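In: compute the structure for the input listed below.
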Amino acid sequence: MVDTTASPPQWTLSTHTLLKTTGLLWFLVAVIGQWLFAYYVIAAYGPPTASGNWASWDDIGLIQGYTAGDLVGNLAFVSHAMLTAIVCIGGSMQLMPPIRNRFPALHRWTGRTYLMVAVVMSVGGIWMIWGRGSRLTALGGWGTTINGILVLITAATAFYFIKHRKVDQHRRWAMRTFILLSGVWFTRLGYMAWAISTGGIGISRTMDGPFDVFIAFGSYLLPLAILELYFLASDSRSGGVKLAVSGLMATATAATALGVFGAWMVMWSPHV
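Out: Residues are numbered from 1 along each chain as shown. Okay, here's the model as predicted:
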């Protein structure tokens with residue numbers, strides 16, 4: 001008779017550790033990138049907003065920042081920008097086990113705030129795209145709109161599970177929300193990583209090249225697919241599956257690091 005209580009094979013243990021390690025490495029790189037993005041947003045938009053020089057928002061290379069006479073739209077834009085900085089910092093902190101385990105009350109309240117902000121940002125972003133015209137192409141607008149709708153779904157599901165004290169399901173849906181809410185961040189990283197590694201093949205000045213079409217939806221669907229594969233590998237008893245996904249996570253980590261480097265050097269630091 002086989003002893004079902006025996007420890008799993010060493011191969012499984014080692015690949016499981018490798019999977020967790022590569023997942024942690026990606027998360028650490030993502031935290032650095034998200035906090036740099038938050039710093040850029042605060043440093044670039046904070047001073048001109050506080051001084052009343054709102055027209056200088058357009059000097060940062062936005063699709064549509066300041067519009068004369070549009071007080072509601074201007075307030076919506078700057079609120080959206082500042083909330084982006086908050087979710088970049090708060091979202092990554094929510095996923096840190098030491099904070100979650102040592103300060104559970106803080107984790108609960110900041111988590112609720114994070115989900116509420118996710119809803120506000122998604123609805124506000126969709127309104128700015130179609131109500132204010134903050135889009136370069138219709139395809140890109142639809143890509144971001146679908147991204148926002150998915151955030152609404154995952155945020156509501158994450159809240160449902162934690163309300164019913166189903167912690168494991170809640171954590172996975174919260175991670176999905178984190179990935180989807182980072183869609184605009186992933187877009188910037190995707191453009192820079194692709195431009196550095198390929199010289200910009202498929203990127204068009206009119207934003208309708210093959211890569212432009214891909215990134216409009218791939219900026220959030222690809223990271224979400226990788227997360228789902230990570231969940232699948234975590235649940236799998238197959239060492240081969242864990243090893244394969246570990247390799248995928250290592251590749252994602254390298255691509256993310258390259259994108260963060262490019263975005264900081266080209267898009268963010270010049271405006272700080």
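
In: find the centremost residue of this structure, please.
Out: Nearest to the geometric centre of the chain sits residue 182, at 1.9 Å (Cα atoms, centre = their mean).

In: surely it and residue 31 touch.
Out: No. With contact defined as Cβ atoms under 8 Å, residue 182 does not reach residue 31; the gap is 11.3 Å. Where C-beta positions appear, they are placed from N, C-alpha and C, glycine not excepted.

In: the helices in the stretch 101-250 of the chain, which residues?
Out: With DSSP state H, counting those that start in this stretch, the ranges of helices along the stretch 101-250 of the chain come out as 104-130, 138-163, 167-181, 183-198, 210-235, 239-262.

In: how close does residue 27 sit to residue 256?
Out: Computed as Cβ to Cβ, to the nearest Å, the residue 27 to residue 256 distance reads 10 Å.

In: list the contacts of residue 115.
Out: 155, 158-159, 174, 177 (Cβ atoms under 8 Å, 6 or more residues apart in numbering).

In: just to revisit the earlier point, tell me which of the helices of the stretch 101-250 of the chain lies nearest to residue 19.
Out: helix 239-262 (4.6 Å; Cβ to Cβ).

In: give the buried residues for that closest one.
Out: 239, 241-246, 248-250, 252-253, 255-262 (16 or more other Cβ atoms under 10 Å).

In: what residues are up against residue 125?
Out: Contact analysis of residue 125 by Cβ under 8 Å, 6+ apart lists 80, 144, 148.

In: torsion angles phi and psi at residue 52?
Out: phi 90, psi 0 (degrees, to the nearest 10).

In: who does the top helix by length along the chain touch, helix- and strand-wise?
Out: With secondary structure taken from DSSP state H, the chain has its longest helix at helix 10-51. Applying 3 or more Cβ pairs under 8 Å, 6 or more residues apart in numbering; DSSP states H and E, we find helix 10-51 packed against helix 71-94, helix 183-198, helix 210-235, helix 239-262.

In: compile these into a markdown table and extend it with columns for mean pLDDT and distance to residue 40.
Out: Below are these laid out as a markdown table (pLDDT from 0 to 100; distance: least, Cβ to Cβ, whole Å):
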| stretch | mean pLDDT | distance to residue 40 |
| --- | --- | --- |
| helix 71-94 | 81 | 9 |
| helix 183-198 | 96 | 10 |
| helix 210-235 | 96 | 18 |
| helix 239-262 | 97 | 11 |
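
In: quick one: these as a markdown table, columns for distance to residue 119 too.
Out: Output for these, formatted as a markdown table (distance: least, Cβ to Cβ, whole Å):
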| stretch | distance to residue 119 |
| --- | --- |
| helix 71-94 | 11 |
| helix 183-198 | 15 |
| helix 210-235 | 16 |
| helix 239-262 | 26 |
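
In: for residue 33, which non-adjacent residue is spatially closest?
Out: Spatially, and ignoring its direct neighbours in sequence, residue 33 is nearest to residue 260 (3.7 Å; Cβ to Cβ, 6 or more residues apart in numbering).

In: how close does that neighbour sit to residue 42?
Out: In terms of Cβ to Cβ, residue 260 sits 17 Å off from residue 42.
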